[in-house]
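Asks: Sequence and predicted structure below; questions after.
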Amino acid sequence: MNDPRMTDLPPLTPSQARIHEAAIRIFADRGVVPINVSELAQFAGIARGTVYKNVPSPETLFEDVAARLGIEMHRRVVKSCAGIDDPALRLAIGIRLFVRRAHEAPHWGRFFVRFCFSSAALRGVWDGPPAEDLRQGLASGRYRFDERKLIAVAGMIGGTTTTAMFSVLDGLLTWRDAGSDAAALVLRAIGIDADEARAIALRDLPDLAEAD
């Protein structure tokens, strides 16, 4: 599952990490609004000068945060699936890890749910490892759907996963139930037998790997 977007993601300094976390919280709560330096510094708990030093282009902060969020999650899911050959199991694990992270980091989850279809950077999440797993599953005969519908199927996976995340954030379902239900539905839709799809969706879930 090689994705060129995953090759160049320099680590954040502690100050940059605090700024990005603060920006995620603000954008998740308010939408894409201009954020002044004083407000960002207050949310991040750092000095205004530190913000100026670490955010050279405040007007691109949203795009920068969204791009990093998507690429970082790509990397962590791929690392979590290391050594797993079955594309169906990798896909199910990826869906469930997204849902669990929404539970464990609600501001991250609300940011993703709010912007996953309006932000080009976040829409690209479904073009990476999930799409590669779809191609591999088709090539091996694991999945059964029209290859010409791959973009639509990737969109279905994104919509199902996002809906599951939303249901967790709103307290409608537990992350375990929402994640497993979403994974089983997706696997069933792309040609996995219902009983096997459910069994895969209930397998032990690995921890989300740490970011590089």
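Replies: Now that the structure is in, tell me what you want to look at.
Asks: residues of the lowest-mean-pLDDT helix or strand in the chain that come out buried?
Replies: The helix or strand of the chain with the lowest confidence, counting by mean pLDDT, DSSP states H and E, is helix 120-123 at a mean of 81. Neighbour-count burial for helix 120-123 flags 121-123 (criterion: 16 or more other Cβ atoms under 10 Å). C-beta: built from backbone N, CA, C; applies to glycine.
Asks: So which residues of this structure form helices?
Replies: In the chain, helices defined by DSSP state H lie at 14-30, 37-44, 48-54, 61-80, 87-104, 106-115, 120-123, 129-140, 150-169, 175-189, 194-201, listed in chain order.
Asks: Any idea which of the ones you listed has the lowest pLDDT on average?
Replies: The weakest mean pLDDT among the helices of the chain belongs to helix 120-123, with a mean of 81.
Asks: Now do it: everything it contacts.
Replies: Helix 120-123 is contacted by residues 63, 66-67, 69-70, 112, 115-117, 158 when judged by Cβ atoms under 8 Å, 6 or more residues apart in numbering.
Asks: re earlier: the helices of the chain: which one's closest to residue 207?
Replies: Proximity to residue 207, assessed across the helices of the chain by Cβ to Cβ, is greatest for helix 61-80 (7.0 Å).
Asks: What angle do helix 106-115 and that closest one make with each other?
Replies: 110 degrees (axes from the mean of the first three to the mean of the last three Cα atoms, to 10 degrees).
Asks: Buried residues in helix 61-80, which are they?
Replies: Neighbour count says helix 61-80 has 61-62, 64-78, 80 buried, by 16+ other Cβ under 10 Å.
Asks: That helix versus helix 14-30: what angle between them?
Replies: 110 degrees.
Asks: Can you name every helix or strand that helix 61-80 contacts?
Replies: Using 3 or more Cβ pairs under 8 Å, 6 or more residues apart in numbering; DSSP states H and E as the contact test, the elements touching helix 61-80 are helix 14-30, helix 87-104, helix 106-115, helix 120-123, helix 129-140.
Asks: And the ones you listed: which comes nearest residue 166?
Replies: Using Cβ to Cβ as the measure, helix 106-115 is the one of the helices and strands packed on helix 61-80 that comes nearest residue 166, at 5.2 Å.
Asks: So what's the gap between stretch 36-55 and the chain middle?
Replies: Counting by Cα atoms, centre = their mean, to the nearest Å, stretch 36-55 is centred 26 Å from the centre of its parent chain.
Asks: can you give me the end-to-end distance of it?
Replies: By Cα to Cα, to the nearest Å, the extent of stretch 36-55 from end to end equals 11 Å.
Asks: again with stretch 76-92
Replies: Stretch 76-92 has an end-to-end distance of 15 Å (Cα to Cα).
Asks: Not counting it itself, show me its contacts.
Replies: Contacts of stretch 76-92 (Cβ under 8 Å, 6+ apart): 1, 6, 93-94, 97-98, 129-130, 133-134, 136-137, 140, 142-143, 157, 183-184, 186-187, 192, 197, 200-201, 203, 206-211.
Asks: Walk me through the domains of the protein.
Replies: Domain ranges of the chain: 11-56, 69-201, per automatic domain parsing.
Asks: Tell me which of those sits most buried.
Replies: domain 69-201 (a mean of 19; mean count of other Cβ atoms under 10 Å).
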